[in-house]
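Q: Here's a sequence, model it:
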Amino acid sequence: MRRARTARVARGALASGALVAAALGALVVGATACASDDQTSVTITIRQGSSFREAADSLAAHDIVFSARLFAFYAVRRKQDRTLRFGTYIIRRGASWNEVLTALQWGRGIVHRVTIPEGWPLWDIIPVLSESLMVSKENLEAVVRDSALKERLKVPRNVETIEGYLFPDTYAFPDGITARQAVDMMVRRFEQMWKPEWNDRLIEVKMTRHQVVTLASIVEKEVRKGSERPLVAAVYLNRIKRRMMLQADPTVQYALQKRPGRVLYSHLRVDSPYNTYRRFGLPPGPIASPGAASLEAVLFPATVPYLYFVAHPDGHHEFRTTYKEHLAAIEYVRAAARAAALAAREATRREALDSALAAAGAPRAAFDSLAKKPPDTP
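A: Just a heads-up that it's a prediction; the model follows:
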């Protein structure tokens, strides 16, 4: 009797388990077949070393699958739970489970997130793209010199590259993208960011788009405090109207392919069409990739009479109208810098002294009183 009862229980358990498995199987099959029309794309990262269940949990958390447990069960049944490519994916919420599993297995939808900061020149952008996207620098160099692309952007023939038109932003490049596709993606971002109403403004300011991008790139390199962009743009536009040389240090650095830093008098002698200390007007083309704020600052500059500016060590500027005022501003900035340097050295000295006194167990007040006491006289 006992054996018969045990056997019946076991058979019942097996039957129950089979029914559950069948139900789960039917549910999973239904889920995999039911892709929705939701076109929303979601970015998720499957980190190196993650288990499939952890990946399933992430998919469920982003509403790509409705159940992490069922999705993992489905992957086990398909024997695809151990074939997982790590990386950052962009996956459509409406994708079927088959599509999601295939993406994870073959790496379809993997993207490479790359941030290009405002003010980067091509010589900084190309190595980052090359390393991040695993494309050759030579191919990238060839694409940015492509004559058809230059014509599309209306870049003058005497300018060698599309410098300035690879828009600074954070990009999600798909895995396997080519050099041409990556550059085209960044150029299209520039074209999207250029507002249609700006074309009407070009007529008002009597500039071409290329000239605006060129001046905006100089503004981008000069400014560290965003609110000063329209002021810096106004200074350069005022100098152009008066037939004055721009005398912009970043153009000299570009001509020398030199990193930002101090520009020496010897640098100003470089023979280059980009040296605005020796050539009137704008350089032939941009010297970096300007952001939207700098483009807008050139199109809508501040209404000020300034012709000069000088930078403080922290990056903010003093703006002046006459050369005499400019010379006085230079002395003011130098004096302020010297005072700040002396204050910093004094603070460092006092901090070191306080540390030494604390280590010796001597109170600072006692030291100060001794320091103020006049020496004994015979």
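Q: all strands of the stretch 251-378 of the chain, in order?
A: Chain-ordered strands for the stretch 251-378 of the chain, with DSSP state E, counting those that start in this stretch as the definition, fall at 308-311, 317-320.
Q: so what does the last one touch, helix or strand wise?
A: This means strand 317-320. helix 229-241, strand 308-311, helix 323-360 (3 or more C-beta pairs under 8 Å, 6 or more residues apart in numbering; DSSP states H and E). Placement of C-beta: from N, CA and C, glycine included.
Q: can I get the CA coordinates of it in PDB?
A: Provided in PDB are the C-alpha atoms of strand 317-320 (Å, rounded to 0.1, in the frame of the first residue of the first chain):
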ATOM      1  CA  HIS A 317      38.500  87.700 -19.400                       C
ATOM      2  CA  GLU A 318      38.800  91.400 -19.100                       C
ATOM      3  CA  PHE A 319      37.300  93.300 -22.100                       C
ATOM      4  CA  ARG A 320      38.500  96.700 -23.200                       C
END
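Q: Report the strands that pair with that strand, each with its relative direction.
A: Strand 317-320 has its sheet partners listed here by DSSP bridges as strand 308-311 (antiparallel).
Q: what residues does the strand it pairs with touch?
A: 222, 231-232, 235, 317-323, 325-326, 329-330, 333 (C-beta atoms under 8 Å, 6 or more residues apart in numbering).
Q: mind running it again at 10 Å?
A: By C-beta atoms under 10 Å, 6 or more residues apart in numbering, the residues outside strand 308-311 that reach it are 222-225, 228, 231-232, 234-236, 238-239, 244, 247, 249, 316-323, 325-327, 329-334.
Q: could you flag which of those are buried?
A: 222-223, 228, 231-232, 234-236, 238-239, 249, 317-320, 326, 329, 333 (16 or more other C-beta atoms under 10 Å).
Q: closest to residue 208 out of the helices and strands packed on strand 317-320?
A: Residue 208 lies closest to helix 229-241 among the helices and strands packed on strand 317-320, at 13.4 Å (C-beta to C-beta).
Q: looking only at pLDDT, what's the mean for that closest one?
A: If you average the pLDDT over helix 229-241, you get 98.
Q: what about dumping the CA coordinates of that helix to CSV?
A: Output in CSV follows, covering the C-alpha atoms of helix 229-241 (Å, rounded to 0.1, in the frame of the first residue of the first chain):
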residue,chain,number,x,y,z
ARG,A,229,31.0,83.5,-25.9
PRO,A,230,28.9,86.4,-27.3
LEU,A,231,31.5,88.9,-26.0
VAL,A,232,34.5,87.2,-27.5
ALA,A,233,32.6,86.8,-30.8
ALA,A,234,31.8,90.5,-30.7
VAL,A,235,35.5,91.4,-30.2
TYR,A,236,36.6,89.4,-33.3
LEU,A,237,33.7,90.7,-35.4
ASN,A,238,34.5,94.3,-34.4
ARG,A,239,38.1,93.8,-35.3
ILE,A,240,37.1,92.4,-38.7
LYS,A,241,34.9,95.4,-39.4
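Q: any idea how far that helix is from the chain center?
A: 26 Å (C-alpha atoms, centre = their mean, to the nearest Å).
Q: Ok, stretch 54-61 next?
A: Distance, centroid of stretch 54-61 to centroid of chain: 28 Å (C-alpha atoms, centre = their mean).
Q: what about that stretch, average pLDDT?
A: 92.
Q: Residues touching it, excluding its own?
A: Counting by C-beta under 10 Å, 6+ apart, 42, 44-47, 50-51, 64-75, 81, 84, 86, 89, 91, 97, 100-101, 104 sit against stretch 54-61.
Q: hmm, try it at 8 Å
A: 44-46, 65-69, 71-72, 75, 84, 91, 100, 104.
Q: Let me know the closest of these to residue 163.
A: residue 45 (32.5 Å).
Q: For the closest residue to the closest one other than its chain neighbours, give me phi and psi.
A: Leaving aside its sequence neighbours, residue 45 sits nearest to residue 88 (C-beta to C-beta, 6 or more residues apart in numbering; 4.7 Å). Residue 88 has phi and psi values of phi -100, psi 120 when expressed as degrees, to the nearest 10.
Q: Residue 88 and residue 114 touch, don't they?
A: No - taking contacts as C-beta atoms under 8 Å, residue 88 lies outside contact range of residue 114: 10.9 Å.
Q: quick one: low-confidence ranges for the protein?
A: Along the chain, the model assigns pLDDT under 70 to residues 1-37, 357, 362-378.
Q: Kindly recompute the last result at 80.
A: 1-39, 83, 107-108, 259-261, 344, 350-378 (pLDDT under 80).
Q: Distance of residue 162 relative to residue 304?
A: 32 Å (C-beta to C-beta, to the nearest Å).
Q: Between these two, which is the more surrounded one?
A: Neighbour totals were compared for residue 162 and residue 304, and residue 162 leads with 24 against 13 (other C-beta atoms under 10 Å).
Q: what's the helix or strand for the more buried one?
A: Under the criterion of DSSP states H and E, residue 162 resides outside all helices and strands.
Q: pretty sure it is touching residue 152, no?
A: No - judged on C-beta under 8 Å, residue 162 makes no contact with residue 152 at a distance of 9.0 Å.
Q: got any residues that touch both of those two?
A: residue 187.
Q: correct me, but residue 118 touches residue 294?
A: Yes - applying C-beta under 8 Å as the test, residue 118 and residue 294 come out as touching, 7.3 Å apart.
Q: got any residues that touch both of those two?
A: residue 220.
Q: got TSV for the helices and strands packed on strand 317-320, with distance to residue 270 too?
A: Output for the helices and strands packed on strand 317-320, formatted as TSV (distance: least, C-beta to C-beta, whole Å):
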stretch	distance to residue 270
helix 229-241	20
strand 308-311	21
helix 323-360	23
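Q: Residue 299: which of these is closest?
A: Smallest distance to residue 299 across the helices and strands packed on strand 317-320 (C-beta to C-beta): 8.6 Å, for helix 229-241.
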